[in-house]
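Participant: Would you be able to build a 3D model of this:
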Amino acid sequence: MVRLLLVFLLLSGTASAQYPARAIRLLVPNPPGGATDTLARVFAPRLAEALGQPVVVENRPGSNGNLAMEATAHAAPDGHTLLLCADAQIVIGPHLYAKMPLDTLKDLDPVTTLANTQMVLSVSPALPVRNLQEFVEYARRATPPLAYASIGNGSQHHLVMEMFKARAGIDLLHVPFKGGGPATVAILAGEVSAMFGGNSVSGHIKAGRLRGLAVAGKRRSAAYPDLPRLSEFYPDLEVTPWLALFAPAGIPGPILSRIRGETSRLLADEDLRGKIRNVGGLEPYVTTPEEFATQLRSEYAKYGEIVKAVGAKVD
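Facilitator: Coordinates of the predicted model:
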């Protein structure tokens with residue numbers, strides 16, 4: 001038994017020393033053009049340069065990220081298959097489906113965070129409100145209730161608005177759309193009164209076609225320095241979406257450390273940081289492995305409770 005263990009450790013060490021031995025696949029659970037895909041294409045060439053092997057971005061959209069996550073989970077845990085995905089796919093999706101093709105916390109190893117972004121509570125300028133407090137008071141008096149858009153049932157945009165409704169004591173009617181584009185079109189057309197959005201609303205806020213009222217993140221946004229945080233009015237009401245790298249469970253520690261170390265070094269480079277900031281308002285986001293693991297467990301539990309309370313499901 002001891003001999004087998006020594007052989008395994010020797011082979012593992014040899015594989016780690018040779019890593020990477022070939023091109024690395026970077027799976028993205030979204031179609032080309034979105035923030036996740038664009039970040040992957042900004043990051044991949046720099047990681048390839050650091051590791052000395054090509055990093056090939058492979059889009060695997062479908063089933064809210066489940067297809068790409070399942071493909072990653074079933075790949076060899078040797079560091080040659082990585083996944084770049086959003087927090088919602090890891091910590092929200094599992095609570096929405098009656099059956100999941102994988103356990104996101106057990107079948108995937110968290111590698112490192114890459115970026116985060118702000119969600120902005122936006123309203124139609126036709127609404128006679130100028131700030132968050134006025135919106136809450138107006139919504140309380142509205143009959144019938146004001147309608148709000150989300151990018152889909154059970155999406156982060158849906159859940160954060162439900163959290164806000166509960167804390168503010170207001171009633172709003174949820175109208176789900178298939179993505180940020182259609183949801184934004186609806187609020188611009190006056191079909192709904194409000195929505196939480198990211199890149200899909202930022203340009204319209206700056207152009208005055210939408211009015212931003214507050215950001216949902218832990219800190220104020222550099223893009224919207226005048227907007228307050230929700231948590232300034234409702235303590236602990238904070239949602240900061242993030243994007244991160246994952247690997248198949250069981251990836252050897254030395255390989256994991258190599259990827260983490262190179263990524264941390266890359267994210268300290270101002271040129272790459274600037275390119276990340278140009279991707280739909282993203283901000284570079286660096287955590288320690290321990291912080292990331294704690295965050296995953298905490299957010300998984302938090303969203304599980306919210307999804308149960310809202311009753312959101314996806315077939």
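
Participant: which intervals of the stretch 1-150 of the chain have sub-threshold pLDDT?
Facilitator: Along the stretch 1-150 of the chain, segments meeting pLDDT under 70 span 1-17.

Participant: Show me the helices in it, by range?
Facilitator: 2-17, 35-51, 66-74, 87-91, 93-96, 132-141 (DSSP state H, counting those that start in this stretch).

Participant: could you dump the ones you listed to TSV with distance to L296?
Facilitator: All C-beta spots, glycine's among them, are computed from the backbone N, C-alpha and C. Output for those, formatted as TSV (distance: least, Cβ to Cβ, whole Å):
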stretch	distance to L296
helix 2-17	24
helix 35-51	18
helix 66-74	14
helix 87-91	7
helix 93-96	12
helix 132-141	30
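
Participant: K218: which of these is closest?
Facilitator: helix 87-91 (13.6 Å; Cβ to Cβ).

Participant: Show the secondary-structure elements that the longest helix anywhere in the chain is packed against.
Facilitator: Across the chain, the longest stretch assigned as helix under DSSP state H is helix 289-310. Applying 3 or more Cβ pairs under 8 Å, 6 or more residues apart in numbering; DSSP states H and E, we find helix 289-310 packed against helix 87-91, helix 93-96, strand 108-116, helix 156-168.

Participant: can you pull the buried residues of that helix?
Facilitator: Judged by neighbour count (16 or more other Cβ atoms under 10 Å), helix 289-310 contains these buried residues: F292, Q295, L296, E299, Y300, Y303, I306, V307, V310.

Participant: and I259, that one's in a helix?
Facilitator: Yes. I259 forms part of a helix when assessed by DSSP: H, G, I helix; E, B strand; the rest coil.

Participant: With adjacent residues omitted, what lies nearest to the most centrally placed residue in the chain?
Facilitator: Nearest residue to the geometric centre of the chain (Cα atoms, centre = their mean): A86, 3.1 Å. Closest residue to A86 apart from its sequence neighbours, by Cβ to Cβ, 6 or more residues apart in numbering: L243 at 5.5 Å.

Participant: How about the contacts made by that neighbour?
Facilitator: By Cβ atoms under 8 Å, 6 or more residues apart in numbering, the residues touching L243 are 35-36, 39, 84-87, 113-117, 282, 285.

Participant: and whatever helix or strand it lives in, how far out from the chain's middle?
Facilitator: Using DSSP states H and E, the element containing L243 is strand 242-248. With Cα atoms, centre = their mean, to the nearest Å as the basis, strand 242-248 stands 10 Å off its chain's centre.

Participant: That strand relative to strand 108-116, how many degrees between them?
Facilitator: Angle of strand 242-248 versus strand 108-116, following axes from the mean of the first three to the mean of the last three Cα atoms, to 10 degrees, is 160 degrees.

Participant: Endpoint to endpoint, stretch 125-145 covers what distance?
Facilitator: End-to-end distance for stretch 125-145, by Cα to Cα, to the nearest Å: 17 Å.

Participant: how far does that stretch sit from the chain's center?
Facilitator: That offset, for stretch 125-145, works out to 29 Å (Cα atoms, centre = their mean).

Participant: Can you list the buried residues in that stretch?
Facilitator: L127, V129, L132, F135, V136, Y138, A139, A142.

Participant: okay if I get the helices and strands packed on helix 289-310 as TSV plus distance to E58 and mean neighbour count?
Facilitator: Shown next, in TSV, are the helices and strands packed on helix 289-310 (distance: least, Cβ to Cβ, whole Å; neighbours: other Cβ atoms under 10 Å):
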stretch	distance to E58	mean neighbour count
helix 87-91	16	23
helix 93-96	20	21
strand 108-116	16	22
helix 156-168	24	21
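
Participant: Make JSON lines from those and add distance to A223 to it.
Facilitator: Below are those laid out as JSON lines (distance: least, Cβ to Cβ, whole Å):
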{"stretch": "helix 87-91", "distance to A223": "19"}
{"stretch": "helix 93-96", "distance to A223": "27"}
{"stretch": "strand 108-116", "distance to A223": "13"}
{"stretch": "helix 156-168", "distance to A223": "18"}
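
Participant: how about the ones you listed, which one is nearest A149?
Facilitator: Once these are compared by Cβ to Cβ, helix 156-168 is nearest, at 7.9 Å.

Participant: So what touches the closest one?
Facilitator: The contact list for helix 156-168, computed with Cβ under 8 Å, 6+ apart, reads 87-88, 92, 119, 121, 136, 139, 148-152, 171-172, 174, 176, 180, 183, 194-197, 216, 230, 234, 237, 239, 241, 303, 306-307, 309-310, 312.

Participant: give me the beta-bridge partners of the residue nearest to A86?
Facilitator: For L243, the beta-bridge partners are A86, A115 (DSSP bridges).

Participant: how's the chain carved up into domains?
Facilitator: For the chain, the structural domains run 22-116+241-310, 120-232, going by automatic domain parsing.

Participant: So R41 sits against V57, correct?
Facilitator: Yes. Using Cβ atoms under 8 Å, R41 and V57 qualify as a contacting pair, with a distance of 5.7 Å.
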